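Enquirer: I need the structure of the sequence given here:
(chains A and B)
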There are 2 protein chains.
Amino acid sequence: MRNVALPLLMKQHASIRYGLGSLAKQNRLPIRWLASSSVAFSGLNSPTDDDAKVLHSLLQNREGSMIWNDADALERYNTDWTKHFQGHSKIVLFPGSTDEVSSILQYCQERRIGVVPQAGNTGLVGGGVPLSDEVILSTNKMNLIEGLDETSGLLKCQAGCILQELQAYAAQRKFLVPVDLGAKGSCCIGGNVSTNAGGQYFYRYGSLHANVLGLEVVLADGRVLDFYSAISLKDNTGYHLKHLFIGAEGTLGVITKVALHCPRLPNARHAAFVACDTFENVLKTLATAKDVLGEILAAFEFMDAAVMRLIQRDKKVPITQEGGDNVYPYCVLIETHGSNSDHDMAKLEQFFETAMGSEAVVDGVLAQDLTQLHDLWEFRESAGPIVASTGYTYKYDVSMPIDQFADLIDEMRQRIQAVHGSTDVAVNPNWGHVIDGNLHFNVTTPGNFEFDADLKTAIEPFIFESVVRRGGSISAEHGLGQFKNKYLPMCKDEVVVDTMKKMKQLMDPHGILNPGKLLP
Amino acid sequence: MRNVALPLLMKQHASIRYGLGSLAKQNRLPIRWLASSSVAFSGLNSPTDDDAKVLHSLLQNREGSMIWNDADALERYNTDWTKHFQGHSKIVLFPGSTDEVSSILQYCQERRIGVVPQAGNTGLVGGGVPLSDEVILSTNKMNLIEGLDETSGLLKCQAGCILQELQAYAAQRKFLVPVDLGAKGSCCIGGNVSTNAGGQYFYRYGSLHANVLGLEVVLADGRVLDFYSAISLKDNTGYHLKHLFIGAEGTLGVITKVALHCPRLPNARHAAFVACDTFENVLKTLATAKDVLGEILAAFEFMDAAVMRLIQRDKKVPITQEGGDNVYPYCVLIETHGSNSDHDMAKLEQFFETAMGSEAVVDGVLAQDLTQLHDLWEFRESAGPIVASTGYTYKYDVSMPIDQFADLIDEMRQRIQAVHGSTDVAVNPNWGHVIDGNLHFNVTTPGNFEFDADLKTAIEPFIFESVVRRGGSISAEHGLGQFKNKYLPMCKDEVVVDTMKKMKQLMDPHGILNPGKLLP
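Expert: Alright, predicted model coming up:
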């Protein structure tokens, strides 16, 4: 296994990224199934011409610091890349500093104007898209990297830094940004923190609650909450308020700066792509990986046959049955991070011996270098955009005990097939961070970009009820936004929801921050 | 090095634990220098005989569920093991369930009676000791371990479980509780979470913010906030409120249940004890350990000559200069956790080669088995209790960039010596989690258990100012309690302190929860 070259990685397809790229534009005239008509928020005012003038002046009337009343220019800020959510804002502001964010919020609170913080706009629950005509506050121009302390691994930067750029900056200094996800080329660290993004290395490096050491946040009234300028690896002084803003989707304050703890870049990174005949064997393979790879295991991502068949239209699958066109029922991408390549390869050999010996794994390839490793990831990360380009796509990000995955998928497939009586009309491709109990469950209608109300009704809210019944979460890592906020009471009890509402009332008494998101 | 037996580990001294054991009683009549007189809280009432009757009835009048007006029995709950803090409570309650905690808080809020949650009472900042005559709510009888899911590593238990018992329970199932500290034999997981305890494996496994997956908390009004009954490894639904209670010292609610994520027990654990001539070489050794040991590095703890000389009175030091009585200027305890012992030993060999080759390390021993490993830890963990038994001890837990440690210690030693003009009257032993930038700075007066006001004035608040000037924290892991709460504004700005106060007001409007703690 060790010396088997990885024959099938393809180079002819350029990397496809989430975000504001060409792919979203390929989606042919999707019907917007949520938030297609403007929602007026009681107590909030629409920004006027006069407001725009004042707001622009707060940004020194700089060129490029505001878009006002320009439908074409506004379009990409008023919708998300999946085109599921549509806002009606007439204004986007591009502050360059914390002070400018502070002035904007102070003004908007006084005038009772809603503000939607927006970063890379790569979210999947409409958290960064206005529901009505709120002011969009883009962090895109706040992209200064302040530095990385090479003793402590502390990386400090403005919230609008693009994740991939931070990763490159850290890597040059032999550090690793402890969060990674498919949207890295467009998403911003402030958005990652605001949505408590998970991603592929969650198992190894932990959540953003573990890795965010400092935050600077502008409150609704414009005051600046500074958990950023003086930070230590360990600080146990007073309430740990920064965690309130991690995953708050900009509803409690606007994150302007982030300090991240970065582990050292591993000396050795290896990746394998293996095939399993059944989902049960995926789980056996996971148990073997945890046992044998131990502390070097960094990622364990599964994909099922349905998603690989869809990707196959654009890209070669790394391994197929007998090298032909038939994909395996399941494939898994495994990555290791370690300090000693020889030790890691020895562990990987032992892993393959055990996993293939028990027939949990039936085929596999090992990346021979970092280029092949990145190609394997490109294949895995293309799942989201390629499925979305196939047809109208219904996306669900859920978590549950891993022994429940297959059963939930079966249950849902039966409901989906019942709508049209055929498996061809609606396809259910699945992938996800199985090691974290995190399933990305998707339904798409190949070649059909029209919203199908019957199909959606067959899926929702049934899938959420089913996940909750299985002890899982209706949002593992994507958040609630404007998509799932109404389902919050399904998974959190009355006291929790009430306390969350009180928290919102405390931090944003006039409700100007990202109205209509997160809370029901 | 690998085959050198560890000759000097001693067995004749039983393990000394923090807590409510015999050691605290050895302290001869210490003067209480903080909170020696009762503080009355405006708006709060003292519990009366009638209150005691009602409160006892809420606990079904069970035998052993209340101590009332019994000075001897109350003593150990009214003071801490260092005898620095003295409360005046007349009542301790021992609820057995969340419902009982809920009834107690509901009653106390109605009657405006202060409540001090107390777990193992092993804290060092008086966070669990009443300032006046508040009700002490002990979680000692809430010690049910609900279970450990062997697929996900999720451990669920009541808050009063003793840390060491949880560790043993998890270890039997091949899992590791990701927090460990000297007080493990007495401290409880609820107290660990409430104080955001750090400990020896913080670097490897992260903070409690990383590892607490679920909490059940009783609010001041008796309602139960349930982030516990349904939990997933990943759950991104709504505000992540559980983090508010991690490190809140019981001032926002009483933690009744904890769900922890436990990593797998490492197959291989190794420990080394090495000597360095200078603190600069300790830092060089740390850099080598991070480079060479990489992902298996689990702990890196330093001790200086002053603390080893004090411990030496009771216990043999693992390595000394030429095996005699002279201790080295610095020693470091290093532990590794890995899945493959051969690989780990190879890394350790390489570490020793590099560290001794560069003369950063001048001597060292390697534990040959787990018994020797535990003996090394027993030596390290005896620092706190043995120093405290030496004389009146002033304890400071601070963090700062590690290249500032030696300078701060020099600066403080000059101030301390200036008080008495002699190094013998007041000794400054230091140890700590240097890998986390966490220094345990101590001053003790050997043979003298009287409080020395001049000495304290020389240290405080200067040490905190000096740490803040160096970009550090005045409390790395011990919290603020009633000791450091007045210094909070020194390290957090007005907006932060104001927001913390508003949070307290929101969650505990009548101020019954642990009054006089954490906030200034």
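
Enquirer: can you give me the distance of A:D314 to A:A453?
Expert: A:D314 sits at a distance of 29 Å from A:A453 (criterion: C-beta to C-beta, to the nearest Å). Every residue, glycine included, has its C-beta placed from N, CA and C.

Enquirer: which strand residues bridge the nearest residue to A:G447 once chain neighbours are set aside?
Expert: With C-beta to C-beta, 6 or more residues apart in numbering or on different chains as the measure, A:G391 is the residue that lies nearest to A:G447, at 5.7 Å, once sequence neighbours are left out. As for beta bridges, A:G391 partners with A:P446 under DSSP bridges.

Enquirer: between A:D314 and A:A453, tell me which one has more neighbours.
Expert: Using other C-beta atoms under 10 Å in any protein chain shown, the more surrounded residue of A:D314 and A:A453 is A:D314, with 15 against 10.

Enquirer: follow-up on the earlier one: my guess is the residue nearest to A:G447 meets A:V443, correct?
Expert: No: because the distance of 9.5 Å does not satisfy C-beta atoms under 8 Å, A:G391 is recorded as not touching A:V443.

Enquirer: please identify which of those two sits among more neighbours.
Expert: Residue environment comparison for A:G391 versus A:V443 gives the larger neighbour count to A:V443, 27 against 22, counting by other C-beta under 10 Å.

Enquirer: the more buried one belongs to a helix?
Expert: No: the assignment for A:V443 is strand, going by DSSP: H, G, I helix; E, B strand; the rest coil, so no helix is present there.

Enquirer: what's the separation between it and chain B?
Expert: As defined by C-beta to the nearest C-beta, to the nearest Å, A:V443 lies at a distance of 21 Å from chain B.

Enquirer: what's the nearest residue to that residue if we skip its chain neighbours?
Expert: A:Y394 (4.4 Å).

Enquirer: give me the three-state assignment for that neighbour.
Expert: Here A:Y394 takes the strand state, with states given by three-state DSSP.

Enquirer: burial of it, as a residue count?
Expert: Burial measure for A:Y394: 22 neighbouring residues, criterion other C-beta under 10 Å.

Enquirer: do the same with the one 3 residues further on
Expert: The burial count assigned to A:D397 is 25, neighbours taken as other C-beta under 10 Å.

Enquirer: report the contact partners of it.
Expert: When contacts are counted by C-beta atoms under 8 Å, 6 or more residues apart in numbering or on different chains, A:D397 touches A:L124, A:N438, A:L439, A:H440, A:F441, A:S475, A:A476, A:E477, A:H478.

Enquirer: how about A:N121?
Expert: Contact criterion C-beta under 8 Å, 6+ apart gives A:G19, A:L20, A:R76, A:Y77, A:D80, A:W81, A:G128, A:V129, A:S186, A:G191 as the residues in contact with A:N121.

Enquirer: give me the secondary structure label for it.
Expert: A:N121 falls in the coil class when you classify it by three-state DSSP.

Enquirer: next one: it from chain B, what distance?
Expert: According to C-beta to the nearest C-beta, A:N121 and chain B sit 18 Å apart.

Enquirer: same question, A:P329
Expert: 22 Å.

Enquirer: I'd like to know how many residues surround that residue.
Expert: A:P329: 17 surrounding residues under other C-beta under 10 Å.

Enquirer: tell me the contacts of the closest residue to it other than its chain neighbours?
Expert: With C-beta to C-beta, 6+ apart as the criterion, A:P329 has its nearest non-adjacent residue at 5.2 Å, and that residue is A:A305. Contacts of A:A305 were listed using C-beta under 8 Å, 6+ apart, and they are A:V327, A:Y328, A:P329, A:Y330.

Enquirer: find me the pLDDT at A:A305, would you?
Expert: At A:A305, the predicted lDDT confidence score is 98.

Enquirer: give me the distance between it and A:A388.
Expert: With distances taken as C-beta to C-beta, A:A305 is found 19 Å from A:A388.

Enquirer: quick check: closest non-adjacent residue to the residue of the stretch 301-450 of chain A with the smallest separation from chain B.
Expert: Of the stretch 301-450 of chain A, the residue with the smallest distance to chain B, taken as C-beta to the nearest C-beta, is A:S339 at 2.6 Å. What sits nearest to A:S339 in space, not counting adjacent residues and going by C-beta to C-beta, 6+ apart, is B:G294, at 2.6 Å.

Enquirer: and the one you found, that's in a strand?
Expert: No: secondary structure of B:G294 (three-state DSSP): helix, not part of a strand.

Enquirer: if I pick it, what's in contact with it?
Expert: A:R264, A:P266, A:N267, A:G338, A:S339, A:N340, B:K347.

Enquirer: what sits against the fifth one?
Expert: It refers to A:S339. Contact criterion C-beta under 8 Å, 6+ apart gives A:P266, A:N267, A:A268, B:D291, B:V292, B:L293, B:G294, B:E295, B:I296, B:K347 as the residues in contact with A:S339.

Enquirer: most neighbours out of these, which is it?
Expert: Of all these, the most densely surrounded is B:I296 (30 neighbours; neighbours counted as other C-beta under 10 Å).

Enquirer: what packs against the helix or strand encompassing A:Y169?
Expert: A:Y169 belongs to helix A:163-172 when assigned by DSSP states H and E. Using 3 or more C-beta pairs under 8 Å, 6 or more residues apart in numbering or on different chains; DSSP states H and E as the contact test, the elements touching helix A:163-172 are strand A:145-149, strand A:154-158, helix A:189-194.
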